[in-house]
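Chemist: Mind folding the following:
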Amino acid sequence: MSKKNNSIPTSQPGLFDNLDDKLSAIQQELPVHPSIEDFIVETKKITQPEVPPHTNLLEEPVDVDPRPRQAILFRSFGSGSSGNCAFIGDRSGGILIDAGVDAKTVIQHLKTMDMTMDDIHGICLTHDHGDHVRCVYSLVRRHNHIKVFCTPKTFSGIMRRHSMSRRLKDYHQPIYKEFPFRIGPFEITAFEVSHDGTDNAGFFISSGNLKFAVATDLGCISERVDHYMRQANFIVIESNYDETMLREGPYPSYLKARIAAPNGHLDNKETARYLAEIRTPELKNIFLCHLSRDNNTPSLALTTVAQALGITPGEPHIPGTLRLEVLPRFDASPLYILRK
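Modeler: This next block holds a predicted model:
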């Protein structure tokens, strides 16, 4: 059987083919009478735009957003009873949480981030213990654009407990728990935390659809801590001690009791149980902070919490999955770029 011939025969020129070209040629050959010359309208051939090959005209164009994804920058400059201070912000600047690390060290670490103290728009203090506030005046006295944000009771505790210049009051910006305030693009809410300092606070920090919660130095998970932690995409939370190490360690009994009290510190197992309870796909990063030098180790804290979360310590992080980190006690952490 012969195959069907699908070729289209070449057609003969039609009467009206190339009509525009023919009329143009006739116009050039025929003279125009002067009496109607003003009424002649010159016509132009309208061409259709070329369609690129393989283009589907029924397909809607793809809306590609050229803007970069929103992100929060986070870096700890020290975490533990030797000194606490961390940066939270973006490329336009940010804030410090606590001021227990000396100004020279903070400035050096900011420099590695291509930032200076001019990029710090405020210091938020969690409570009045020395490892969180001892360097606050040295940070602000040469950078007087920076305000110190803490509750009035916390500020009174700082002035009462420490040999601090009275001029610190010139930088104090009073805040109140559960009342949001703004520093640059960040909305910040202080909330109640159970600890034996003066009017202890955690901070819930929002930037667009990104939520960051910080709760360091707390002896139990209170209702307000739970309320804000469950909303967060990124969490900094204490994992201070290992119960066995504390019980069998050299500390005197009164100090052991103070650490283990509901207004003391969190042990690894309690932190692990709580984080496993609140874990959702919206929770992207967990940073364990304020580890005890004598009653804990980074590997022990990491292993305890990782097992509760079903994470294998030491495996490379897979983007899009929950990331668990321990903040260094004496050194700066890496700079984390946090996105949902």
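
Chemist: middle-most residue in this structure, spatially?
Modeler: Geometric centre of the chain, nearest residue: Ile72, 2.3 Å, by C-alpha atoms, centre = their mean.

Chemist: got any ranges where the stretch 201-340 of the chain has weak pLDDT?
Modeler: Judged against pLDDT under 70, the stretch 201-340 of the chain has no low-scoring part.

Chemist: ranges for the strands of it?
Modeler: Ranges of strands in the stretch 201-340 of the chain, per DSSP state E, counting those that start in this stretch, are 201-207, 210-215, 234-238, 285-289, 323-326, 336-338.

Chemist: These into JSON lines, with extra columns for mean neighbour count and distance to Thr312?
Modeler: Every C-beta, even on glycine, is put in place using the N, C-alpha and C of the backbone. Formatted as JSON lines, the strands of the stretch 201-340 of the chain follow (neighbours: other C-beta atoms under 10 Å; distance: least, C-beta to C-beta, whole Å):
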{"stretch": "strand 201-207", "mean neighbour count": "24", "distance to Thr312": "29"}
{"stretch": "strand 210-215", "mean neighbour count": "24", "distance to Thr312": "25"}
{"stretch": "strand 234-238", "mean neighbour count": "24", "distance to Thr312": "20"}
{"stretch": "strand 285-289", "mean neighbour count": "24", "distance to Thr312": "15"}
{"stretch": "strand 323-326", "mean neighbour count": "19", "distance to Thr312": "10"}
{"stretch": "strand 336-338", "mean neighbour count": "16", "distance to Thr312": "20"}
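
Chemist: got JSON lines for those, with distance to Glu270 too?
Modeler: Output for those, formatted as JSON lines (distance: least, C-beta to C-beta, whole Å):
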{"stretch": "strand 201-207", "distance to Glu270": "16"}
{"stretch": "strand 210-215", "distance to Glu270": "13"}
{"stretch": "strand 234-238", "distance to Glu270": "10"}
{"stretch": "strand 285-289", "distance to Glu270": "12"}
{"stretch": "strand 323-326", "distance to Glu270": "16"}
{"stretch": "strand 336-338", "distance to Glu270": "25"}
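
Chemist: The ones you listed: which one's closest to Glu178?
Modeler: Judged by C-beta to C-beta, the one of the strands of the stretch 201-340 of the chain that comes nearest to Glu178 is strand 201-207, at 9.9 Å.

Chemist: Parallel or antiparallel, list what pairs with that closest one.
Modeler: strand 186-192 (antiparallel), strand 210-215 (antiparallel) (DSSP bridges).

Chemist: out of those, nearest to Val101?
Modeler: Nearest of the strands paired with strand 201-207 to Val101, taken as C-beta to C-beta: strand 210-215 at 15.5 Å.

Chemist: Excluding chain neighbours, give the residue nearest to Asp131 in space.
Modeler: For Asp131, ignoring the flanking residues on the chain, the nearest one in space by C-beta to C-beta, 6 or more residues apart in numbering is Gly100 at 4.5 Å.

Chemist: quick one: the one you found is in a strand?
Modeler: No. Using DSSP: H, G, I helix; E, B strand; the rest coil, the assignment for Gly100 is coil, not a strand.

Chemist: residue contacts, it?
Modeler: Gly78, Ser82, Gly83, Asn84, Cys85, Gly130, Asp131, His132, Val133, Arg134, Cys135 (C-beta atoms under 8 Å, 6 or more residues apart in numbering).
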